[in-house]
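1. Model the structure of this input:
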Amino acid sequence: MAEHESDLTPEERENVEQRSAPTAKVVHSAVSRQGRDELDRPISSLFWSGVAAGFAIMASVWGQAALHGQLPNAPWREAVAAFGYTLGFLIVILGRLQLFTEQTMVPILPLAQSPSIARLGRVARLWTAVLVGNLIGAAVISAMAIWGDLQTDELRSAMVDVSAKLLEKDWGETLLTGIPAGFLIASIAWIRSAANENSFWIVLAITYFIGACSFTHVIAGATEAFLLLWTGHVGAGWLFGRFLAPALLGNIIGGTGLFAMLAHAQVKEEI
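-> Presented below is the predicted three-dimensional model:
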């Protein structure tokens, strides 16, 4: 026991424990448990939760486009409109829906802790179910937004304008800007385990800067890419080859290759 703590009463020491931030080892254990729970879920549950997340993430496009369309063309316009980008992520993450980029870190920790072919197969199963569900949800809600009159013509036009910014990046830029997006989204599960009572502000702050910095998120970006596809601005080749492939790879590098491995490395000698 530390020198000063030896002078404390049991009640005071308990108060110290309650006010202390959890250690990295504790956070790692909490996220690993979440990862094991996700790996044990039925594949149908993962898939339908992924579809729901694909639908819900469209709220980010609606929110950002609504602000973009209402604000004057001023230097601060995009900085304010980025607050709308957070809306879909708040719904998905706080609602515990399955978002692929969160899963680039959460199930990797139990895999890194106890690597095996069987567990690797379960991670691949989870990734496939969630990613396919996310993309189907994004494709369907984007089609409904274009052809189903879910919003006003003005908002639909603003949504296409916001989405068209994807065309400004080439393959390499989409890949590279996907790396920080993957890293930041993966960090949310870690930070929330350390400060769960602040989840709303954690998600808001991190996803705001993903939007403000124009980082590439494969699922939020997929809703925009499908909007461009359904309106004839791009073809299927661009959608899958020029956007989804590099964005997906960048998010995996950032979430799994960087954040998950670094998060595990800092405690691997303690567990």
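2. Show me the helices in the stretch 1-150 of the chain, by range?
-> Using DSSP state H, counting those that start in this stretch, the helices of the stretch 1-150 of the chain run over residues 10-19, 24-40, 43-56, 58-70, 77-94, 108-113, 117-147.
3. which parts of stretch 55-74 are buried?
-> Residues of stretch 55-74 classed as buried: 55-69 (neighbour count, 16 or more other Cβ atoms under 10 Å). Any C-beta I mention is one placed from the backbone N, CA and C, and that applies to glycine too.
4. if I look at E78, how far off is G95?
-> Using Cβ to Cβ, to the nearest Å, we find E78 at a distance of 27 Å from G95.
5. and those two? which has more neighbours close in?
-> Using other Cβ atoms under 10 Å, the more surrounded residue of E78 and G95 is E78, with 17 against 11.
6. My read is that the more buried one contacts Y208, right?
-> No: with contact defined as Cβ atoms under 8 Å, E78 does not count as touching Y208 (11.7 Å).
7. S32 contacts P107, doesn't it?
-> No: contact criterion Cβ under 8 Å: S32 and P107 do not qualify, at 9.1 Å.
8. quick one: which of the two has more around it?
-> Neighbour totals were compared for S32 and P107, and P107 leads with 28 against 24 (other Cβ under 10 Å).
9. Compute the number of surrounding residues for the nearest residue in space to the more buried one that is not next to it in sequence.
-> Using Cβ to Cβ, 6 or more residues apart in numbering and skipping the chain neighbours, the partner closest in space to P107 is G35 (4.2 Å). For G35, the neighbour count with other Cβ under 10 Å is 25.
10. ditto for the one 10 residues further on
-> For S45, the number of neighbouring residues by other Cβ under 10 Å comes to 12.
11. what's the distance between it and A52?
-> Separation of S45 from A52 (Cβ to Cβ) stands at 11 Å.
12. list residues touching both of those two?
-> Jointly contacting S45 and A52 under the rule Cβ atoms under 8 Å, 6 or more residues apart in numbering is no residue at all.
13. Low-confidence stretches in the stretch 151-271 of the chain?
-> For the stretch 151-271 of the chain, applying pLDDT under 70 flags the ranges 271.
14. Quickly list what's touching both of S32 and P107.
-> Counting by Cβ under 8 Å, 6+ apart, no residue touches both S32 and P107.
15. what's A81 in contact with, if anything?
-> Counting by Cβ under 8 Å, 6+ apart, A81 makes contact with Q64, L67, H68, L71, V162, G211.
16. Looking at the residues you listed, which two lie furthest apart in space?
-> Farthest pair in the contacts of A81 (Cβ to Cβ) is L71 and G211. Separation: 14.2 Å.
17. can you pull the contacts of the nearest residue to G84 once chain neighbours are set aside?
-> Leaving out its chain neighbours, the residue that sits closest to G84 by Cβ to Cβ, 6+ apart is G63, at 2.9 Å. Residues counted as contacts of G63 (Cβ under 8 Å, 6+ apart) are F83, G84, Y85, T86, L87, G88.
18. mind checking how far G63 is from L39?
-> The spacing between G63 and L39, counted by Cβ to Cβ, is 32 Å.
19. pretty sure C213 contacts P180?
-> Yes: at 7.3 Å, C213 counts as touching P180 under the criterion of Cβ under 8 Å.
20. Same drill for those two, tell me which one is more crowded.
-> Comparing C213 with P180 by other Cβ under 10 Å, the one with more neighbours is P180, at 18 against 12.
21. Quick check: closest non-adjacent residue to that one.
-> Spatial nearest neighbour of P180, chain neighbours left out: F215 (5.1 Å); criterion: Cβ to Cβ, 6+ apart.
22. Helix, strand or coil: sort out that neighbour for me.
-> Following DSSP: H, G, I helix; E, B strand; the rest coil, we place F215 in the coil state.
23. how about the residue lying closest to I136 once chain neighbours are set aside, what does it touch?
-> Excluding its sequence neighbours, the residue lying closest to I136 (Cβ to Cβ, 6+ apart) is V51, at 5.6 Å. Residues near V51 by Cβ under 8 Å, 6+ apart: G133, N134, I136, G137, V140.
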